[in-house]
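*Asks:* Build the 3D model from these lines:
(one chain, ligands or ions: 1)
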Amino acid sequence: MQVEQMQSPQGATIEGPLLISPQAFGDERGWFFESWNQRRFDEAVGEAVVFSQDNHSRSVQGVLRGLHYQLEPEPQAKLVRASVGKIFDVAVDIRQGSATFGQWVGAQLSAENKQQLWVPEGFAHGFLTLSAVAEVQYKARGFWNKSCERAIRWDDASINIRWPLDLLGGAEVSLSGKDAEAPTLDQAKAAGDVF
Ligand SMILES: Cc1cn([C@H]2C[C@H](O)[C@@H](COP(=O)(O)OP(=O)(O)O[C@H]3O[C@H](C)C(=O)[C@H](O)[C@H]3O)O2)c(=O)[nH]c1=O
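*Replies:* Predicted coordinates:
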């Protein structure tokens, strides 16, 4: 299992998120890999992570889910992978004390590359569906709590996420009503809705 820290487009290493590349074992039957191993994962993250729920969503090409996060008392961390298709997965640092506040990291996660993104608490998370269909499976530390849920708009110019829209094959970006009306990071900060 390879574990890498990630850099923002500004060239800063963002403390927290990790890009994890599990080892897959292929043979004439197909392949096998451990998508999560408590001992190896906790060693990589440097703490004992107790997950609360497994989530699984299916999206068609162009669907963008995010940028989502939960505030105290039920913040969430997520370990994200695509089990079908391909997504561009993003984590945005929304910790006010962080030197990289408002900066982001992103990676293409796919059923083929089997890579995973660890998104700690204090980060907004979202993904763009690049393949015709993608299924995203992710473990969450912290239970879903609607009253703690917040969102930041995907195209906030102050964050300037370089979503690979050119890879959508002409498909339009498709958002939920909630995401279409999400506030900017500045508005969230003014409302005290950041970490
Ligand atoms: C997140 C969640 C949702 N739900 C219910 C609530 C709605 O009736 C339905 C769809 O919820 P929503 O539209 O918020 O789903 P997504 O837009 O995929 O939200 C997720 O998208 C981004 C990528 C995230 O990182 C979060 O896990 C989460 O916010 O599932 C549940 O029952 N449990 C849950 O944990």
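
*Asks:* Neighbours of residue 75, how many?
*Replies:* 17 (other Cβ atoms under 10 Å). From N, CA and C alone the C-beta is placed, and that goes for glycine too.

*Asks:* is it true that it lies in a helix?
*Replies:* No: counting by DSSP: H, G, I helix; E, B strand; the rest coil, residue 75 falls outside a helix, being coil.

*Asks:* Pull the contacting residues for it.
*Replies:* By Cβ atoms under 8 Å, 6 or more residues apart in numbering, the contact set of residue 75 is 69, 121-122, 142, 148, 195.

*Asks:* Just among those, which is most surrounded?
*Replies:* Among those, the one with the most neighbours (other Cβ under 10 Å) is residue 69, at 27 neighbours.

*Asks:* That residue and residue 76 touch, don't they?
*Replies:* Yes: look at residue 69 against residue 76 with Cβ atoms under 8 Å: they come within range, at 7.1 Å.

*Asks:* doesn't residue 26 make contact with residue 33?
*Replies:* No: here residue 33 does not reach residue 26: they are 9.3 Å apart, not a contact under Cβ under 8 Å.

*Asks:* Show me what from this protein comes close to the ligand.
*Replies:* 55, 57, 65-66, 68, 78, 125-127, 144, 176 (Cβ under 6 Å from any ligand atom).

*Asks:* Can you go through the residues you listed and name the buried ones?
*Replies:* Among those, the ones that count as buried by 16 or more other Cβ atoms under 10 Å are 65-66, 68, 78, 125-127.

*Asks:* Can I get those residues in JSON lines including pLDDT and secondary structure?
*Replies:* Formatted as JSON lines, these follow (pLDDT from 0 to 100; DSSP: H, G, I helix; E, B strand; the rest coil):
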{"residue": "65", "pLDDT": "98", "secondary structure": "strand"}
{"residue": "66", "pLDDT": "97", "secondary structure": "strand"}
{"residue": "68", "pLDDT": "98", "secondary structure": "strand"}
{"residue": "78", "pLDDT": "98", "secondary structure": "strand"}
{"residue": "125", "pLDDT": "98", "secondary structure": "strand"}
{"residue": "126", "pLDDT": "98", "secondary structure": "strand"}
{"residue": "127", "pLDDT": "98", "secondary structure": "strand"}
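
*Asks:* Just flag the most distant two among those residues.
*Replies:* Comparing all pairs in those by Cβ to Cβ, the longest separation belongs to 65 and 78, at 11.8 Å.

*Asks:* Tell me which residue lies farthest from the centre of this structure.
*Replies:* The centre of the chain is farthest from one residue, residue 28, which by Cα atoms, centre = their mean lies 32.8 Å away.

*Asks:* Which helix runs longest in this structure?
*Replies:* As assigned by DSSP state H, the longest helix anywhere in the chain is helix 38-45.

*Asks:* Which strands or helices does the next helix or strand after it pack on?
*Replies:* Sequence-wise, the next helix or strand downstream of helix 38-45 (DSSP states H and E) is strand 53-60. Strand 53-60 sits against strand 77-84, strand 133-141, with contacts defined as 3 or more Cβ pairs under 8 Å, 6 or more residues apart in numbering; DSSP states H and E.
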